[in-house]
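In: Sequence first, then the predicted structure:
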Amino acid sequence: MKNKPYPYEEVYEMANLKDMIDEKALTQARLTAFVYPCDTGEMRKTYFDVREDVNAFGAWMYSKKYRGGKHCVVLGENSYEWLIAFLATVNGGNVAVAIDKGLPEKEIVDLAHMADADVAFVTKGYYDKVSKKTARKIYDLGEFEEILEEGRRLLRDGETDYINYEIEPDDVAMILFTSGTSGVSKGVQLTNRNIAFEIVHTSMLYSPQGGVVAALPFHHAFGLVVGVLMVYNYGYPVYINKSLKYVKKNMADFGPQTMFLVPMFVEFFHRQIWAEIEKKGKTTAFKGLMKSTNLLLKTGVDVRKKTYKSILDAFGGNLEYIICGGAALDPMYVKEFRTWGIEILNGYGATECSPVTAVNRPFYHRDGSVGQLVPGIEAKTTEEGELAFRGELVMKGYYKNPQATDEALVDRWYMTGDLGYVDKDNFVFLTGRKKNLIILSNGENISPEELEMDFARDPAVQEVLVYDEDSKIIAEIFPDEEHMGDATYFEKLKNKVNKGRPTYKQVVRIKLREKEFIKNATMKIVRYLNIPGAAEKAEEAIRAAKEVGENK
């Protein structure tokens, strides 16, 4: 099919997650919903199993008086137990509070207290590491089977309150924390209506035709709502990846047709592929082969499956699509992966929007764009150039933070903080981040992302951050091993990037570092923790926010 508009996908219009779980248990009862590693190899759970386990866990929760909007922390590595605890919480009218397991102990406690946690469910590998101050009661999901058995007994004895609970669309279903790029984390409240709208309407833009490996963390909106729940509603199996170190093995074992990833993964895979080619001394020949492949594609001849079999086999042999979101991705990666037979569909959104607001489609995409608008939502660009969205996927607000809510939601429009526009065909394009703009003394505004993208294209650059220091543009680089400390190489790269740019847009100095930048859960570089002096400003912002709260 040519790259042009085509009808939206047909998808089951679930009303809420409970409806979704019940419907799949009826229509696809014996089909596999989840696959995950266990002591004996692999465990498979059908859609019927999932409903039975959710109901058993929920009945047990009700017996412990966790009902009526209790705030339940779910914490730990990606696992089936994590998902059942989450689904049982939401489907029983409680609020799931998803917290990043990788945070320092104090931050976990602070976030749990910020969310007024009543109870915490913690996976086996993290139970002994979690502070007892996290919640009034903490349960070890290592005792998952015992919990389910007790819940099943309650159901057999006629305890049906949990099963009969009716979901209220506008009740808060979960609280997810923003990454705190300004230094102040906020609890995003997503309602049952938000989640259902997101799953149904984003699914209209893309439908996988096979299984998915869930590699992104479940405490993050993209990893959970899109990488797991949306796939569940499609009716395809999800392989649960417990640790990033097993991603390649999981792909090889499971052979996914689709992957939901952030740019860090794409960039990592890309570097590995080219490193292997260079090691064999075939770089020039391979580039020539790619040119020939692209010429053949233009004539309608597709030889990619045979020509790039070794690359495709590294991803399990079946991978056709990577849905990429969470941060900007250089179009160069999209073009090269397409040549190798894998289409990267760039998407865009925010936790506050449940999270996806746009995604490119398999047969209707624009390179450089972050995708087409999700059907049923509105978008606009303000006079300052900021993107804003309005619709049923926009959050209820930040938990107990009316000031931040009022700043983010203006007349029900969510102000993204991103600079960009929507074209006549509803494709969204980003031009930078409003808060990241470098404003020079001469009044010129510079988007650091533009320069960072040019530096990142060089294989010697693993990570880069561009910022203003004393009115000079600095590019701080974490090089690959071979170029560690090679100032001469990066000085030449700086001159190459600067070539053709006006003086005010040129990088003045290169800084080389020996350690990776500090990143958040979705592997975005956290600017305020890496730019000199920014952390101090962030601390001032945190103190000011606390003072405002105390005064109230």
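Out: Received it, and whenever you're ready, just let me know what you need.
In: then stretch 87-101 to CSV, C-alphas only?
Out: In CSV, the C-alpha atoms belonging to stretch 87-101 read as follows (Å, rounded to 0.1, in the frame of the first residue of the first chain):
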residue,chain,number,x,y,z
LEU,A,87,-5.5,-4.4,37.3
ALA,A,88,-7.1,-5.7,40.5
THR,A,89,-6.6,-2.3,42.2
VAL,A,90,-8.1,-0.3,39.3
ASN,A,91,-11.0,-2.7,38.6
GLY,A,92,-12.1,-2.6,42.2
GLY,A,93,-12.5,1.2,42.3
ASN,A,94,-9.2,1.8,44.0
VAL,A,95,-6.3,4.0,42.8
ALA,A,96,-3.1,2.4,41.6
VAL,A,97,0.0,4.5,42.4
ALA,A,98,2.9,3.3,40.1
ILE,A,99,6.3,4.2,41.4
ASP,A,100,9.7,3.7,39.8
LYS,A,101,11.6,0.9,41.6
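In: chain center to it, what's the gap?
Out: 18 Å (C-alpha atoms, centre = their mean, to the nearest Å).
In: does G288 sit in a helix, a strand or a coil?
Out: Three-state assignment for G288 (DSSP: H, G, I helix; E, B strand; the rest coil): helix.
In: Next, count neighbours for it.
Out: 11 (other C-beta atoms under 10 Å). (Each C-beta comes from the backbone N, C-alpha and C, glycine too.)
In: Pull the distance from stretch 376-390 to the chain's centre.
Out: Taking mean C-alpha positions (C-alpha atoms, centre = their mean), stretch 376-390 and its chain are 21 Å apart.
In: Please apply the same query to stretch 271-278.
Out: 26 Å.
In: Please apply the same query to stretch 43-56.
Out: Worked out by C-alpha atoms, centre = their mean, stretch 43-56 lies 25 Å from the chain centre.
In: can I get the CA coordinates of it in CSV?
Out: C-alpha atoms of stretch 43-56 as CSV (Å, rounded to 0.1, in the frame of the first residue of the first chain):
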residue,chain,number,x,y,z
MET,A,43,4.8,-19.5,31.9
ARG,A,44,1.8,-18.8,29.7
LYS,A,45,-1.4,-17.1,30.8
THR,A,46,-4.6,-17.1,28.8
TYR,A,47,-7.1,-14.3,28.7
PHE,A,48,-9.4,-16.5,30.9
ASP,A,49,-6.6,-17.0,33.4
VAL,A,50,-6.0,-13.3,33.6
ARG,A,51,-9.6,-12.5,34.5
GLU,A,52,-9.7,-15.3,37.1
ASP,A,53,-6.4,-14.0,38.7
VAL,A,54,-7.6,-10.4,38.7
ASN,A,55,-10.9,-11.3,40.3
ALA,A,56,-9.1,-13.5,42.9
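In: mean confidence score for it?
Out: Stretch 43-56 comes out with an average pLDDT of 98.
In: what does that stretch rub up against?
Out: Residues outside stretch 43-56 that contact it (C-beta atoms under 8 Å, 6 or more residues apart in numbering): 21-22, 24-25, 28-37, 80, 84, 87-88, 91, 147-149, 151-152, 154-155, 162-163, 235.
In: Among those, name the buried ones.
Out: Neighbour-count burial (16 or more other C-beta atoms under 10 Å) applied to the contacts of stretch 43-56 gives 21-22, 24-25, 32-37, 80, 84, 87-88, 91, 147-148, 151-152, 154-155, 162-163, 235.
In: ok, which stretches of the stretch 201-350 of the chain are helices?
Out: 221, 231-234, 247-254, 263-279, 283-298, 304-307, 309-314, 331-340 (DSSP state H, counting those that start in this stretch).
In: can you tell which of the ones you listed is closest to K64?
Out: Proximity of the helices of the stretch 201-350 of the chain to K64 was assessed by C-beta to C-beta; the nearest stretch is helix 231-234, lying at 26.3 Å.
In: Which secondary structure elements does the closest one sit against?
Out: Using 3 or more C-beta pairs under 8 Å, 6 or more residues apart in numbering; DSSP states H and E as the contact test, the elements touching helix 231-234 are helix 17-27, helix 192-203.
In: could you list every residue that touches V228?
Out: 83, 214, 218, 238.
In: Can you read off the pLDDT for Y504?
Out: Y504 is given a pLDDT of 77.
In: That one contacts I446, doesn't it?
Out: Yes - contact criterion C-beta atoms under 8 Å: Y504 and I446 qualify, at 7.2 Å.
In: Looking at these two, which is more packed in?
Out: Taking other C-beta under 10 Å, Y504 and I446 do not tie; I446 has more neighbours (21 against 14).
In: Format the contacts of V228 as CSV; extra columns: distance to E384, pLDDT and neighbour count.
Out: Below are these laid out as CSV (distance: C-beta to C-beta, whole Å; pLDDT from 0 to 100; neighbours: other C-beta atoms under 10 Å):
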residue, distance to E384, pLDDT, neighbour count
L83, 40, 98, 26
A214, 37, 97, 25
F218, 35, 97, 25
V238, 40, 98, 26
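In: Spatially, which two of the residues you listed are the most separated?
Out: Farthest apart among those by C-beta to C-beta are F218 and V238. That separation is 10.9 Å.
In: Could I get the buried residue list for stretch 277-285?
Out: Quick answer for stretch 277-285 (16+ other C-beta under 10 Å): I277.
In: Can you tell me what sits against it?
Out: 274, 286.
In: go again using 6 Å as the cut-off
Out: F286 (C-beta atoms under 6 Å, 6 or more residues apart in numbering).
In: Send me stretch 310-324 as PDB with only the CA atoms.
Out: As requested, the backbone C-alpha atoms of stretch 310-324 are provided in PDB (Å, rounded to 0.1, in the frame of the first residue of the first chain):
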ATOM      1  CA  SER A 310      21.100 -11.500   9.800                       C
ATOM      2  CA  ILE A 311      19.900  -8.100  11.100                       C
ATOM      3  CA  LEU A 312      16.200  -9.200  11.300                       C
ATOM      4  CA  ASP A 313      17.200 -12.500  13.000                       C
ATOM      5  CA  ALA A 314      18.800 -10.500  15.800                       C
ATOM      6  CA  PHE A 315      15.400  -9.100  16.600                       C
ATOM      7  CA  GLY A 316      13.700 -12.500  16.500                       C
ATOM      8  CA  GLY A 317      13.100 -12.800  12.800                       C
ATOM      9  CA  ASN A 318       9.500 -11.400  12.800                       C
ATOM     10  CA  LEU A 319       9.900  -7.700  13.800                       C
ATOM     11  CA  GLU A 320       8.100  -5.400  11.400                       C
ATOM     12  CA  TYR A 321       7.400  -2.300  13.400                       C
ATOM     13  CA  ILE A 322       8.900  -0.300  16.200                       C
ATOM     14  CA  ILE A 323       6.600   2.300  17.800                       C
ATOM     15  CA  CYS A 324       9.000   4.800  19.200                       C
END
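In: Alright, I will stop here.
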